[in-house]
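Novice: Return a 3D structure for these sequence lines:
(3 chains)
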Amino acid sequence: MSPPETLVDKLDSPWLGVVLGVAAVLGMLTVNVLFLVWLERKVSAWIQRRMGPTEVGPFGLFQTLADMLKLLSKQLITPRHVDKPLYHLAPLVVFVPVVAAASLFPFSAGLVLQDLDIGLVLVFAFGGLAFVGIFMAGWGSNNKYALLGAMRSVAQNISYEIPLILASLSVVLMSGTMNLAKITALQSERGYWFIVLQPVAAVIYFIAALAETNRAPFDIPEAESELVAGFHTEYSGMRFALFFFAEYSNVFIVSMVATVLFLGGWSGPLLPGPVWFFLKVYALVGLTMWVRWTFPRLRFDQLMSFCWVVLTPLAILNLLITAFVARLV
Amino acid sequence: MGFEQILFWLLALGVIVTSALVVLPPGGKNPLYGALLLIVSFFFMSGLYVLLFAHTMAVLQILVYAGAIMVLFTFVIMLLNLSKKELGDETRTIAKGVGVVAVVALAVKTALVIETQTLNIPAKPLPAGFGGVDAIADTLFHNYLVPFELTGVLLLVAVIGAVVLAKRTL
Amino acid sequence: MDPNYAPYVSVLACSIFVLGLGAVILILNYMLGPRRPTREKGIPYESGDEPHSKPRQRFSVKFYMTAILFLVFDLEVVFIYPWASKYSDWLKDDAFAGIAFGGMMVFVAVLTLGLVYEWKRGAMEWE
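Specialist: Have a look, this model is predicted:
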């Protein structure tokens, strides 16, 4: 069996292919993150009966771009007594794995930068690296809010990672592969999406993904009223922007994983693959925004016990029932 | 020297340097630096796995060590948060002595191995699907089913042990 | 390049590229932004007050309990990955299907016992 053709294979020089491919993924991610931030502000404004950004560009569309350029010209403040290596490296340690994870997704049939047999595992592994960066930021900042925010953030993220992965594995059980392109192709072939067979897993995944991305009702790590800005309290300028970029990229990535696993990725009638892919991703992103601006915040103890007492056992049960039913059929 | 060899030597050098820095300063002075350097060392190690075509192991290595073990280490460091005073230095000389003995023993052993072993292992063709997830699954469930179940028991003991130890201070 | 590791070299190259780009962005910001540090800017932010104690204090043992639980379940997940992706193939072989299902059943049951134990002992209750 010959490996499926990837973007890198199509070019003569593999190195040029990698650089161009990464640049393309990064560009895609940047455009989407800028749009996502604008969308979030518009959605929140709409829910709260405000206008949101209106000044820069039509409907304030270029507001985020202007904000980014502004941040680029701001002073990088380094507070005294920070742990220098950790403090300076943390934004990069959070930023790099996120982009690397985004480069693993199939945006259409054959339109994938890196087609790996264990793509799904690698996405989760890159997600796990962010914990290290968050902790470095919290510890390095020499700030009570930052350290407490980082500790809470890491504790929450590791807890919700378990049901997240277990729910994804219910789909792997049915597809028999962890290659993201093959999981999509399989759904396209069979003519149904895995959410039909795995509705419970999809719900578990969605709840856990909200917590993974630190979004309301699970946004305790950065609860403004308690912890100022959480682990990135002491960061300014582009250092802050890198954290912010990673945060919104994460929202985008968990939605992409959900699209591939549960919603059939790029498969769909009439419209071309990438259109379907991004339509589905944005439907999920819209849902997370709706949830964020509608539900109140949970308490930290409620959040932790909900994960371990409800969500994780449910995910395990779902996995075992899937295996059992697969045996009967 | 081919691309693969250059990669190997770079990765191997990375493993050795970062591992040494875990126990030497800055890792030896600050436990958090030690833990972080250990992660970097595991990264280089997983690169070596990839060169051995064991790519699943490489990714799992990153997942488990950079994710779980690292978090555990940092949380323990935060839990204890020992200052330099509390750490003390009374066992320093003994530890150093033991360390030197261990290094010498390792060097002698390595020299003996290189002396006796002719490293001309004939190259065998790899079985199909080597290093993939399916190959690991087959080995695990066909050849090592009992050790696999016992691993579960071992992990259970770890959880119970942690609860019992922590309960005293809860 | 050997196809067995070529994609991973590509992932590595990708990461290095992004790392360089991130560094360039930060350096650009450093050159473009003003540099006028004052004493007040350098104080750790505590809503305007002068900080009165060191931030790096001891943390609750609950964090440690969570980490242990995560570690154990992360390892469980590591074993489930290969099993899940191979399971549908094993089902085709009737003789082995029982072992494939029962083996994982026992493994997961043992670990869930640990979760129940920790829950019963109240180690998961955050006050």
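
Novice: Residue of chain B closest to chain A, please.
Specialist: Distances from chain B to chain A, computed as CB to the nearest CB, single out residue B:67 as the nearest residue at 3.1 Å. (Each C-beta comes from the backbone N, C-alpha and C, glycine too.)

Novice: Surely that residue is in contact with residue A:128?
Specialist: Yes: Residue B:67 is in contact with residue A:128 according to CB atoms under 8 Å; the separation is 3.1 Å.

Novice: more crowded one of those two?
Specialist: For the pair residue B:67 and residue A:128, the greater number of neighbours falls to residue B:67 (26 against 23), based on other CB atoms under 10 Å in any protein chain shown.

Novice: quick one, what contacts the more buried one?
Specialist: Residue B:67 makes contact with A:125, A:128-129, A:131, A:158, A:161, C:74 under the criterion CB atoms under 8 Å, 6 or more residues apart in numbering or on different chains.

Novice: Check what pLDDT it gets.
Specialist: At residue B:67, the predicted lDDT confidence score is 78.

Novice: try the one 4 residues further on
Specialist: Residue B:71 carries a pLDDT value of 83.

Novice: burial count for it?
Specialist: Residue B:71 has 25 neighbouring residues, counting by other CB under 10 Å.

Novice: Assign a three-state SS to it, would you?
Specialist: Classification of residue B:71 using DSSP: H, G, I helix; E, B strand; the rest coil returns helix.

Novice: Check the spacing between it and chain C real quick.
Specialist: Here the criterion is CB to the nearest CB, to the nearest Å. By it, residue B:71 lies 5 Å from chain C.

Novice: was I right about that residue contacting residue A:131?
Specialist: Yes: distance between residue B:71 and residue A:131: 5.7 Å, which falls inside the contact criterion (CB under 8 Å).

Novice: Quickly list what's touching both of these two.
Specialist: Contact with both residue B:71 and residue A:131 is made by residues A:154, A:158, according to CB under 8 Å, 6+ apart.

Novice: Ramachandran coordinates for residue C:44?
Specialist: phi -60, psi 140 (degrees, to the nearest 10).

Novice: Distance of the residue in chain A that chain B sits nearest to relative to residue B:32?
Specialist: Using CB to the nearest CB, the single residue of chain A nearest to chain B is residue A:128, 3.1 Å away. Separation of residue A:128 from residue B:32 (CB to CB, to the nearest Å) stands at 18 Å.

Novice: just residue A:181 next, same as before
Specialist: With the distance defined as CB to CB, residue A:181 ends up 39 Å from residue B:32.

Novice: Those two - which one has more neighbours?
Specialist: Counted by other CB under 10 Å, residue A:181 and residue B:32 do not tie: residue A:181 has more neighbours, with 25 against 21.

Novice: Let me know the secondary structure of residue A:298.
Specialist: coil.

Novice: Would you agree it is in contact with residue A:211?
Specialist: No: look at residue A:298 against residue A:211 with CB under 8 Å: they stay out of range, at 9.3 Å.

Novice: Between those two, tell me which one has more neighbours.
Specialist: residue A:211 (25 against 16).

Novice: rewinding a little: what touches both of residue A:298 and residue A:211?
Specialist: residue A:218.

Novice: State the pLDDT value of the residue nearest to residue C:111 when sequence neighbours are not counted.
Specialist: Take residue C:111 and drop its neighbours on the chain: the residue closest to it by CB to CB, 6 or more residues apart in numbering or on different chains is residue C:76, 5.0 Å away. Residue C:76 is assigned a predicted lDDT (pLDDT) of 87.

Novice: Wasn't residue C:76 part of a strand?
Specialist: No: read with three-state DSSP, residue C:76 is helix and lies in no strand.

Novice: what about it, distance to residue A:308?
Specialist: 14 Å.

Novice: same check, this time on residue B:11
Specialist: 38 Å.

Novice: Neighbour count: those two, which is higher?
Specialist: Neighbour tally, residue B:11 and residue A:308, criterion other CB under 10 Å: the higher count belongs to residue A:308, 23 against 19.

Novice: Could you measure from the more buried one over to chain C?
Specialist: As judged by CB to the nearest CB, residue A:308 and chain C stand 5 Å apart.

Novice: Residue C:35 in helix, strand or coil?
Specialist: Going by three-state DSSP, the secondary structure assigned to residue C:35 is coil.

Novice: Please name the residues that touch it.
Specialist: Under the criterion of CB under 8 Å, 6+ apart, the contact partners of residue C:35 comprise residue A:75.

Novice: Okay, it and residue C:28: tell me how far apart.
Specialist: From residue C:35 over to residue C:28 the distance is 14 Å, taken as CB to CB.

Novice: Also residue C:100?
Specialist: Between residue C:100 and residue C:28 the computed distance is 55 Å (CB to CB).

Novice: do residue A:106 as well
Specialist: If you go by CB to CB, the gap between residue A:106 and residue C:28 works out to 33 Å.

Novice: So for those two, which sits in the more crowded spot?
Specialist: More crowded of residue A:106 and residue C:28, by other CB under 10 Å: residue A:106, with 28 against 13.

Novice: What strand or helix carries the residue nearest in space to the middle of chain B?
Specialist: For chain B, residue B:42 is the residue whose C-alpha lies nearest the centre (CA atoms, centre = their mean; 6.3 Å). Under the assignment given by DSSP states H and E, the secondary-structure element containing residue B:42 is helix B:31-51.

Novice: That helix and chain A, any residue contact?
Specialist: Yes: judged by CB under 8 Å from any CB of the partner chain, helix B:31-51 comes into contact with chain A through B:32-33, B:36, B:39.

Novice: could those residues go into CSV alongside pLDDT?
Specialist: Putting the residues of helix B:31-51 next to chain A into CSV (pLDDT from 0 to 100) gives the following:
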residue, pLDDT
B:32, 82
B:33, 85
B:36, 87
B:39, 87
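
Novice: Select from those residues the one having the most neighbours.
Specialist: If you rank the residues of helix B:31-51 next to chain A by neighbour count (other CB under 10 Å), residue B:36 sits at the top with 27 neighbours.

Novice: quick one, helices of the chain?
Specialist: Let's take chain A. A:7-10, A:14-47, A:63-72, A:84-102, A:119-140, A:144-175, A:180-190, A:194-197, A:199-212, A:224-227, A:237-262, A:273-292, A:300-305, A:312-328 (DSSP state H).

Novice: meant chain C actually
Specialist: Assigned helices in chain C, in chain order: C:6-32, C:39-42, C:61-91, C:94-120 (criterion: DSSP H).
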